[in-house]
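1. pasting a predicted model and its sequence here:
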Amino acid sequence: MADKTMTAGEVVSRLASGMTLGIGGWGSRRKPMALVRAVLRSDITDLTVVSYGGPDVGLLAAAGRIRKLVTAFVTLDSIPLEPHYRAARERGSFELTEVDEAMFMWGLHAAANRLPFLPVRAGIGSDVMRVNPGLRTVTSPYVDASSGVREEFVAMPALRLDAALVHMNRADRLGNGQYLGPDPYFDDLFCEAADAAYVSCERIVDTAELTKEAAPQTLLLKRSGVTGVVETPNGAHFTSCAPDYGRDEPFQKLYATTPYAEFADRFLDGDEHAYQNAVRAWQQEEKERRP
């Protein structure tokens, strides 16, 4: 059982331009932002990004790193539409495949099970089929007992990933990952759908400590499906990582209302330590401005 700990820089060194990259979390919740920032510090580009999108997509889109995006939405939760994503989309900066949330989930399931597609009812009768003309339907080989007909389904293609980035509350050095918040956000499926899965976490602990104060069901990620583990305290900032911390709403508002180049110059010009220091400096400035 190998020690899989590595740095964010080592994770990025294993990525390459042109890859299909899955990013876990949901909207502005438990995103692996420290790893996303590490990607932004590299020269990696031409990515196909697969994500229930939040600021991960917004930052990569604004930086011109995305060639194609596969998503069900891109939101900051308290800010309904991610503004940097919107601006990049309006410029026509990348190709977009937008599907229903359930279709996206079944695409991950198909990839995790190494199937070419899975049938799903979601999408039938909606504009999803119109805006995604490449989607196909399949007819059940079985007659439904109640209706006497063979039902038609959307054949949702597998969302196979070259690599996945996810963030957990805790992990051990072997790659077991634990979430302590209210929702797993399909991060296990992202890892299982990928050829290589990299997990950032708030804290690396001994294996025995993972279940000392939390139920075994919180062990979302199995070591067999994880390639590397990175300890990144506050690594989901400015998104939430419950129960460790909530979303940094004031900072998220700053991000949403600041031109990307200005935001990047102040907060992304340096390593993760520099980012955290810049955030603390901004928070102190904001505190001193208050009456």
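-> Great, that's in hand.
2. hang on, Ala88 is in a helix, isn't it?
-> Yes. Judged by DSSP: H, G, I helix; E, B strand; the rest coil, Ala88 forms part of a helix.
3. how close does it get to Glu262?
-> Ala88 sits 16 Å away from Glu262, going by CB to CB, to the nearest Å. No exception for glycine: its C-beta is placed from N, CA and C like everyone else's.
4. now swap in Gly246 and tell me
-> Taking CB to CB, one finds Gly246 at 25 Å from Glu262.
5. which of Ala88 and Glu262 has more residues huddled nearby?
-> Ala88 (23 against 9; other CB atoms under 10 Å).
6. dump the residue contacts of the more buried one.
-> Taking CB atoms under 8 Å, 6 or more residues apart in numbering, we find Ala88 in contact with 61-62, 64, 66, 94.
7. try 7 Å
-> Ala88 makes contact with 61-62, 94 under the criterion CB atoms under 7 Å, 6 or more residues apart in numbering.
8. distance from the chain centre to the helix or strand Ala155 falls within, please.
-> Here Ala155 is covered by strand 152-157, with elements defined by DSSP states H and E. Relative to the centre of its chain, strand 152-157 is centred 24 Å away, using CA atoms, centre = their mean, to the nearest Å.
9. just checking, what packs against the next helix or strand after it?
-> Counting by DSSP H and E, the next helix or strand C-terminal to strand 152-157 is strand 161-171. If you count contacts as 3 or more CB pairs under 7 Å, 6 or more residues apart in numbering; DSSP states H and E, strand 161-171 packs onto strand 20-23, strand 177-178, helix 187-192, strand 194-204.
10. okay, these in TSV with mean neighbour count, distance to Leu81 and mean pLDDT next?
-> What follows is the helices and strands packed on strand 161-171, written out as TSV (neighbours: other CB atoms under 10 Å; distance: least, CB to CB, whole Å; pLDDT from 0 to 100):
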stretch	mean neighbour count	distance to Leu81	mean pLDDT
strand 20-23	26	18	99
strand 177-178	26	30	98
helix 187-192	26	23	98
strand 194-204	22	26	98
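11. can you add distance to Glu286 and give the ones you listed back as JSON lines?
-> Shown next, in JSON lines, are these (distance: least, CB to CB, whole Å):
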{"stretch": "strand 20-23", "distance to Glu286": "28"}
{"stretch": "strand 177-178", "distance to Glu286": "33"}
{"stretch": "helix 187-192", "distance to Glu286": "32"}
{"stretch": "strand 194-204", "distance to Glu286": "24"}
